[in-house]
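Engineer: From the sequence below, what's the structure:
(chains A and B)
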Amino acid sequence: MMSPSRRTLISTAIATLALSALSTLPALAQGLPKLKVGLMLPYTGTYAALGNAIENGFRLHVAEQGGKLGGREVEYVKVDDESDPSKATDNVNKLVKRDNVDVLVGSVHSGVAMAMAKVAKDTGTILIVPNAGADAVTGAMCAPNIFRSSFSNWQPGYAMGEVVAKKGHKKVVTITWKYAAGDESVKGFKESFEKGGGTVVKELNLPFPNVEFQALLTEIAAAKPDAVFTFFAGGGAVKFVKDYAAAGLKKTIPLYGSGFLTDGTLDAQGADANGLFTALHYADSLNTPRDNAFRLAYAKTYKLQPDVYAVQGYDAAQMLGIGMAAVKGDISKKAEFSAAVEKAKIDSPRGAFTLSKAHNPVQDFYLRQVGDKENKLVSIASKALADPARGCKM
Amino acid sequence: MDFTTFLIQCLNALQYGLLLFLVASGLTLIFGIMGVINLAHGSFYMIGAYMAYALAPIVGSTFGGGFFATLAVGLVLAVLLGYVLEWAFFSFLYERDHLQQVLMTYGLILVFEELRSLLVGDDVHGVQAPDFLAGTLPLGELMTYPVYRLFISGVCLVLALAMYFVFTRTRLGMMIRAGSTNREMVQSLGIDIKFLYRVVFAAGVAIAVFAGMIAAPVSSVYPGMGNTVLIICFVVVVIGGIGSIRGALLAALLIGVVDTFGKVLLPQASGVLVYVLMALILLWKPDGLFKAG
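Structural biologist: Coordinates of the predicted model:
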């Protein structure tokens, strides 16, 4: 005997099943399934603000296309990578194997991005790196399905080396953290600066993320160079700029940096950053119609001012959109996808750019000077600068 | 290195050593004297730095502002925080083994980081040194030295002397030291050890917060800043001898010298020199430089 309550339960269950089957029908009728984008970015920790800016930029472009790329609606699967390389391989495998994402987008930390590149290379999943500058991503690790919408660490350093040499400085001391981004940046600087006739007389460095600079500032003062080149970012950049000024060196020895020295840190650095020159692929006052439109749309959507990270996220979405349009939504046609993105001219707020053979942006680097809490455009430090992609066999 | 540079580097070493002592002194109380492994020490330091940043405008609008007013408000809040934390969590931990202390204080790190992210955000901030300390002193013809850094060194020496005096020369200090050796015995002598420990813990938190507030203008304020000081704080306490204030001061100065000259003379190895120093000292004196008691 079946009790009435049990009977109702079963009939309700059947009804629910039938209803849910009905509701999925229209979706099937539309044909193309959703495009699953795996966003693997830092949402906690030191780089959380950068991760959010990248996602905002990415979503802004997708929204401008009506929420669709290549005719497929975009669905996001988000993972917080915590900027932790030791968890990166697991995280990216989950996205690829468990969540079956069609595209990977990430990340900020170079170590994490390297792990993502390795998995992308093994599985053939398309990867777009929206920040991490490790030279190897578009160097030794390069692959037809790996793209970068940002820069290589070598690029801003190289651009700044040209500028410093042209200013007539002969003897330069460099100072940075002893890790990949710092080393690669200084290497780029040294390459172009010494080509331009200067010499790097001393390369100072300290372990990441140590911020006790006093001993090394004393070394700089004693070496009396014509100028100093530096790579620091985030909290370290704030402290370095303030300590450099407090040590009285700012008045006597000009300081030049990779753009991250003064990006997202100007409020905290205050007057101590005024007048500093840095090189990056974006500036606060480009004042081109493209950039103005982007900045307005971003500010309206998020009630925030965009930064270089938002631009990189936005362009990652543009690159994906170009590829998706070329294959009409069928992302399994990887060769056609890659060919389309390789040929494309990406209409970025930073200025249009193309990709190098190794899929790193070939882009203008701007010389910027800090004033009124902005990185103001001074001139183009290096036009259409391409990363040499050392070690890339493609 | 010429003689002037050498002297300036000595000053750098001394100044960094004193800063380290300041940052580690709260841990000397909670880990060294009370014996609780407190991984959240870095978080207390971070809270202090963020207080220096976030409280200054609030204090400015209610009490008319000022560096010392902000410091005072921060200290009051820190004592309250320490008192409540001890009551809610730490008072259950004295009898437990170290693993459980590690787990709970690690949990606190995560909670405090998340709260920080929700309340203040993830941006990097700078804190201005008060105007009367914002100047610099010329140092030879090479460079200048910020007055505020010298002020920190002074504060640190005063703090070290005060802590040393309280713990070795007063009745209160005697009771606290006795409590760390044998809790039950002290209790049976009619001393309210529970309350006493609550106060000492609150003082430990307050000193860590104070260190964060004082150091904020030279260190800047950023997410994860607490974790970067945590390890070096443990190194200071362990080298100095657990529970010894004299030892912690000496250890901090030693680390200052090794780190400063390491960066200059052996830059490739500067990351590990401090730990080599710790290993050598522990080989020579397994209990640290000065064992308490």
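
Engineer: Where does the stretch 251-394 of chain A get nearest to chain B, residue-wise?
Structural biologist: Relative to chain B, the nearest point of the stretch 251-394 of chain A is residue A:268 (3.6 Å; Cβ to the nearest Cβ). For the C-beta atoms, the positions are set from N, CA and C on the backbone; glycine is no exception.

Engineer: Okay, now the unreliable bits of the stretch 151-293 of chain B?
Structural biologist: B:292-293 (pLDDT under 70).

Engineer: For it, what lies in contact range of chain A?
Structural biologist: Listed as neighbours of chain A in the stretch 151-293 of chain B under the rule Cβ under 8 Å from any Cβ of the partner chain: B:218-225, B:228, B:259-261, B:263-264, B:267, B:270-271.

Engineer: Among those, which are located in helices?
Structural biologist: B:218-219, B:225, B:228, B:259-261, B:263-264, B:270-271 (DSSP state H).

Engineer: any chance of these in a markdown table, plus neighbour count?
Structural biologist: As requested, these are exported to a markdown table (neighbours: other Cβ atoms under 10 Å in any protein chain shown):
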| residue | neighbour count |
| --- | --- |
| B:218 | 22 |
| B:219 | 26 |
| B:225 | 25 |
| B:228 | 18 |
| B:259 | 25 |
| B:260 | 25 |
| B:261 | 19 |
| B:263 | 27 |
| B:264 | 21 |
| B:270 | 23 |
| B:271 | 17 |
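
Engineer: Closest to chain A out of those?
Structural biologist: residue B:271 (3.4 Å).

Engineer: Tally up the residues packed near residue 280, please.
Structural biologist: Unless you meant another one, I'm taking chain A. The number of residues packed near residue A:280 is 25, by other Cβ atoms under 10 Å in any protein chain shown.

Engineer: ah, no, chain B please
Structural biologist: Neighbours of residue B:280 (other Cβ under 10 Å): 11.

Engineer: ok, now which ones touch it?
Structural biologist: Listed by Cβ atoms under 8 Å, 6 or more residues apart in numbering or on different chains, residue B:280 has no contact partners.

Engineer: What segments of chain B are helices?
Structural biologist: Counting by DSSP H, the helices of chain B are B:3-27, B:41-63, B:67-88, B:98-119, B:147-169, B:171-181, B:183-188, B:193-219, B:225-240, B:245-265, B:270-284.

Engineer: again with chain A
Structural biologist: A:4-30, A:48-64, A:85-93, A:110-123, A:154-166, A:180-195, A:214-223, A:234-246, A:249-252, A:266-269, A:289-302, A:308-326, A:334-343.

Engineer: Which of the ones you listed has the lowest mean pLDDT?
Structural biologist: When these are ranked by mean pLDDT, helix A:4-30 comes last with a mean of 50.

Engineer: Tell me how far the residue nearest to residue A:154 when sequence neighbours are not counted lies from residue A:365.
Structural biologist: Leaving aside its sequence neighbours, residue A:154 sits nearest to residue A:188 (Cβ to Cβ, 6 or more residues apart in numbering or on different chains; 3.8 Å). For residue A:188, the distance to residue A:365 equals 11 Å [Cβ to Cβ, to the nearest Å].

Engineer: same deal with residue A:380?
Structural biologist: In terms of Cβ to Cβ, residue A:380 sits 7 Å off from residue A:365.

Engineer: which residue sits closest to residue A:322 in space, ignoring its chain neighbours?
Structural biologist: residue A:344 (4.7 Å).

Engineer: Does that neighbour touch residue A:359 like I think?
Structural biologist: No - using Cβ atoms under 8 Å, residue A:344 is not in contact with residue A:359; the gap is 11.4 Å.

Engineer: What parts of the stretch 1-150 of chain B come near chain A?
Structural biologist: B:1-2, B:5, B:8-9, B:12-13, B:15-16, B:113-114, B:117, B:121-126, B:128, B:136, B:138, B:142-146, B:149.

Engineer: same thing but at 6 Å, please
Structural biologist: Proximity of the stretch 1-150 of chain B to chain A is confined to B:5, B:8-9, B:12, B:16, B:122-126, B:142-144, B:146 under the rule Cβ under 6 Å from any Cβ of the partner chain.

Engineer: who's more crowded, residue A:380 and residue A:365?
Structural biologist: Legend: neighbour count by other Cβ under 10 Å for residue A:380 and residue A:365, higher for residue A:365 (27 against 15).

Engineer: Residue A:344 and residue A:359: which is more packed in?
Structural biologist: residue A:359 (27 against 19).

Engineer: What is the neighbour count of residue B:92?
Structural biologist: 12.

Engineer: do you know how far residue A:216 is from chain B?
Structural biologist: In this view, residue A:216 and chain B are 6 Å apart by Cβ to the nearest Cβ, to the nearest Å.

Engineer: Pull the number of nearby residues for residue B:287.
Structural biologist: 14.

Engineer: For it, give me its contacts.
Structural biologist: residue B:241 (Cβ atoms under 6 Å, 6 or more residues apart in numbering or on different chains).

Engineer: quick revisit: who touches the residue of the stretch 251-394 of chain A closest to chain B in this structure?
Structural biologist: A:238, B:124-126, B:220.

Engineer: Format these as TSV; extra columns: distance to residue A:227 and neighbour count.
Structural biologist: Shown next, in TSV, are the contacts of residue A:268 (distance: Cβ to Cβ, whole Å; neighbours: other Cβ atoms under 10 Å in any protein chain shown):
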residue	distance to residue A:227	neighbour count
A:238	21	30
B:124	25	24
B:125	28	20
B:126	24	24
B:220	24	28
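
Engineer: And those residues, which is closest to residue A:293?
Structural biologist: residue B:124 (29.0 Å; Cβ to Cβ).

Engineer: The closest one against residue A:237, yeah?
Structural biologist: No - counting by Cβ atoms under 6 Å, residue B:124 does not reach residue A:237; the two are 7.8 Å apart.

Engineer: what sits in contact with each of these two?
Structural biologist: residue A:265.

Engineer: that older thread, ok, the contacts of residue A:268 vs residue A:113, which is closest?
Structural biologist: Closest to residue A:113 out of the contacts of residue A:268 is residue B:124 (21.8 Å), distances taken as Cβ to Cβ.
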